[in-house]
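*Asks:* Build me a model from this:
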Amino acid sequence: MEIAVLGATGQTGRLLIARALERGHGVTALARRPEQVEAPTCGNLRVVRADVTDPGSVAAAVEGADVVVSGLGVTRKQDPAILVEGARQVVSAAPRVIWLTSLGMGATAGALGAFNGALLRRVLRHEWDAKGVAGRVVRDAGGTTVHAGPLTTKPYRGDGRLIRAEGFKPRMIPPMAPRAGIAALMVAEAETPHFADADTIALFESH
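*Replies:* Numbering: from 1, shown residues only. Presented below is the predicted three-dimensional model:
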């Protein structure tokens with residue numbers, strides 16, 4: 001399978017690349033600065049310069065890919081519109097998209113209760129609206145969104161699963177999500193789609 005990774009230089013993007021290669025897939029890493037992609041010593045990896053602000057570069061980069069998995073994020077110094085434009089470009093060019101976003105927004109609004117939901121919105125105020133729009137763009141195009149709680153660097157113990165957003169019962173304490181686990185679940189969904197055209201939530205038993 002050919003998997004394209006959007007946001008390849010980010011913490012989650014790097015783990016998506018590593019997981020896909022570990023599973024034996026061909027990987028195209030999309031990066032605004034290709035020199036920042038951490039290339040492993042083995043595996044079928046192709047690094048391509050692609051920038052969502054450069055019309056056509058993303059479409060050209062994902063040509064031939066079976067699926068795009070996205071760990072795209074923005075810093076406080078970046079324009080959050082990058083998220084929306086990235087979503088629009090990949091859904092118009094790729095046959096399938098699996099998109100990482102935050103628990104508590106979009107289809108999962110209310111999942112963390114009123115207080116924590118308001119707190120999360122305050123913490124993510126720079127990118128909140130853009131993340132919500134990007135998620136809707138992916139879903140409206142038939143893609144899969146993966147909503148995750150606070151991301152950690154803890155090791156993944158193989159105890160994660162995706163559930164449909166409508167099956168999640170609101171809780172006061174958001175479920176933590178190891179980045180390596182998110183990568184594993186997104187690559188597994190790329191390999192065997194169970195949640196096409198769905199909003200999902202990533203859950204981990206021991207986190």
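*Asks:* Spit out the contact partners of the residue nearest the centre of the chain.
*Replies:* The centroid of the chain falls nearest to Leu100 when counting by CA atoms, centre = their mean (2.5 Å). Residues in contact with Leu100, defined by CB atoms under 8 Å, 6 or more residues apart in numbering, are 12, 69-72, 145-146, 148, 182, 186. C-betas here are computed from N, CA, C, even on glycine.
*Asks:* so how far is stretch 103-123 off the chain centroid?
*Replies:* Computed by CA atoms, centre = their mean, to the nearest Å, the chain-centroid distance of stretch 103-123 equals 18 Å.
*Asks:* residues in contact with it?
*Replies:* So stretch 103-123 is contacted by 102, 124, 128, 131-132, 135-136, 139, 145, 147-149, 165-166, 168, 170-175, 199, 201 (CB under 8 Å, 6+ apart).
*Asks:* Can you get me a residue count around Arg125?
*Replies:* Neighbour count of Arg125, defined by other CB atoms under 10 Å: 10.
*Asks:* Can you point out the buried residues in the least confident helix or strand in the chain by mean pLDDT?
*Replies:* Ranked by mean pLDDT, DSSP states H and E, the helix or strand of the chain with the weakest confidence is helix 113-123, at a mean of 72. The neighbour-count check on helix 113-123 (16 or more other CB atoms under 10 Å) flags 116-117, 120-121 as buried.
*Asks:* The residue nearest to the centre of the chain falls within a helix, correct?
*Replies:* No. Applying DSSP: H, G, I helix; E, B strand; the rest coil, one finds Leu100 to be strand, outside a helix.
*Asks:* Mind checking the pLDDT average for stretch 82-92?
*Replies:* Regarding stretch 82-92, the rounded mean pLDDT is 94.
*Asks:* Ok, stretch 53-71 next?
*Replies:* For stretch 53-71, mean pLDDT is 93.
*Asks:* Could you do stretch 165-179 as well?
*Replies:* When pLDDT is averaged over stretch 165-179, the result is 87.
*Asks:* Report the contact partners of Lys131.
*Replies:* Contact analysis of Lys131 by CB under 8 Å, 6+ apart lists 80, 83, 101-102, 105-106, 124.
*Asks:* Ile3: neighbour count?
*Replies:* So Ile3, with other CB under 10 Å, has 27 neighbours.
*Asks:* In which helix or strand does it reside?
*Replies:* Using DSSP states H and E, Ile3 maps to strand 2-6.
*Asks:* Only C-alpha atoms, please: export the next helix-or-strand element following that strand in CSV.
*Replies:* The C-terminal neighbour of strand 2-6 among helices and strands, as given by DSSP H and E, is helix 11-22. Taking Å, rounded to 0.1, in the frame of the first residue of the first chain, the C-alpha atoms of helix 11-22 are listed here in CSV:
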residue,chain,number,x,y,z
GLN,A,11,6.0,14.7,16.3
THR,A,12,3.0,12.6,15.3
GLY,A,13,3.9,12.8,11.6
ARG,A,14,7.3,11.2,12.2
LEU,A,15,5.6,8.4,14.1
LEU,A,16,3.1,7.9,11.3
ILE,A,17,6.0,7.5,8.9
ALA,A,18,7.8,5.1,11.1
ARG,A,19,4.7,3.0,11.7
ALA,A,20,3.8,2.8,8.0
LEU,A,21,7.3,1.7,7.1
GLU,A,22,7.4,-0.8,9.9
